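J.: Whatever this is, show me its structure:
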Amino acid sequence: MPDVEKVDFPKLERPPIDEVICGLVFSPLDLSVLHHGVYWDLRHDDFPRSELHPSIEDEPSIMLGVPPIRTWLISAADDLLIQLQHDRFYMNWRKRSAEYPRFNDHADVRGLLTRALKEYEQFSAFCKESLSTTPNATRIELAKIDIFERGRDWKDRDDLAALMPWTESVLSLCDIDSPEMMLKFSRSIENGKLSFSATSGLKAATGERVIRTETRVSGTIGTGNSTKEIFLAANHELNKVFFSLVPPSALDRFGVLEKRK
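T.: Numbering: from 1, shown residues only. The predicted structure is shown next:
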């Protein structure tokens with residue numbers, strides 16, 4: 001997966017991106033919710049709120065005793081989220097009032113990848129000091145969630161088909177303007193897996209119909225490539241999916257700024 005082919009993707013002024021999730025999965029550590037609390041205390045200025053959630057598991061399992069806990073550390077602006085658990089670290093960017101900061105660095109602005117790797121570095125240093133060991137990451141996870149909203153990105157069923165032609169065959173089976181829709185698929189890629197889902201629903205704030213797509217890549221961290229290189233290759237795979245779903249003729253809706261490699 002780290003061998004990224006040379007493809008030009010348009011740079012969009014108003015991408016429909018709603019959330020980006022950068023994650024690393026590592027061998028389990030003796031990291032309890034008490035350690036989470038100590039780490040939150042150290043990072044409280046950057047993440048003044050916290051929440052407790054059930055842990056994420058790759059496969060359903062029967063837990064004996066107290067189950068692992070996942071802790072959310074939430075920024076004041078609610079746009080950055082750090083997730084900690086005994087075998088995972090995630091940094092989420094969520095669209096709130098600020099513009100999408102981009103995945104890669106540009107001009108003098110740090111991209112999300114640089115921020116995520118820096119956060120993981122700080123977390124690893126904490127583990128070294130508190131547990132006398134550092135996380136041994138075995139794979140990365142990268143996901144992007146896009147929201148296509150009626151009234152903003154598309155007008156009606158025909159216009160939705162122009163925005164995302166792959167929906168046309170599904171929409172042709174419906175006799176209503178705003179059909180319910182759900183689509184999922186996954187496939188293997190080199191040293192990893194790519195999954196995609198698309199669902200329709202109503203936006204809570206406005207009651208407007210939206211199409212939500214989520215594309216996720218899981219990639220193994222092997223020898224010979226840095227974690228950053230694997231993230232960059234995963235991001236390239238996600239971009240390929242997005243620009244396959246939305247044709248060039250529809251990109252003006254999001255303001256095409258320039259071509260980039």
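J.: Outline the domain layout of this structure.
T.: Using automatic domain parsing, the domain parsing of the chain gives 1-26+138-261, 28-135.
J.: Least confident of those, on average?
T.: Ranked by mean pLDDT, these end with domain 1-26+138-261 at the bottom, a mean of 88.
J.: Angles on the backbone of the closest residue to residue 142 other than its chain neighbours, please.
T.: Distances taken as CB to CB, 6 or more residues apart in numbering put residue 234 closest to residue 142, at 4.2 Å, once the chain neighbours are dropped. For the C-beta atoms, the positions are set from N, CA and C on the backbone; glycine is no exception. Backbone torsions of residue 234, given as degrees, to the nearest 10, read phi -60, psi -40.
J.: Please list all residues in contact with residue 234.
T.: By CB atoms under 8 Å, 6 or more residues apart in numbering, the residues touching residue 234 are 1, 140, 142, 192, 217, 219.
J.: Show me those residues that map onto strands.
T.: Among these, the members falling in strands (DSSP state E) are 140, 142, 192, 217, 219.
J.: Dump those residues to TSV, plus distance to residue 211 and neighbour count.
T.: Below are those laid out as TSV (distance: CB to CB, whole Å; neighbours: other CB atoms under 10 Å):
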residue	distance to residue 211	neighbour count
140	27	23
142	21	26
192	26	19
217	21	24
219	26	24
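J.: which residues are contacting stretch 98-106?
T.: With contacts defined as CB under 8 Å, 6+ apart, stretch 98-106 is touched by 15, 17, 20, 77, 79, 93, 109-115, 232, 235.
J.: What are the boundaries of the strands in the stretch 51-200 of the chain?
T.: 69-74, 80-85, 88-94, 137-149, 182-189, 192-202 (DSSP state E, counting those that start in this stretch).
J.: Can you dump the C-alpha atoms of the fifth one in CSV for me?
T.: Written as CSV, here are the backbone C-alpha positions of strand 182-189 (Å, rounded to 0.1, in the frame of the first residue of the first chain):
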residue,chain,number,x,y,z
MET,A,182,-28.1,2.0,2.3
LEU,A,183,-25.0,0.6,0.6
LYS,A,184,-22.0,-1.2,1.9
PHE,A,185,-19.0,-3.0,0.4
SER,A,186,-15.4,-3.9,1.3
ARG,A,187,-12.4,-5.2,-0.5
SER,A,188,-8.8,-6.2,0.2
ILE,A,189,-6.0,-3.9,-0.8
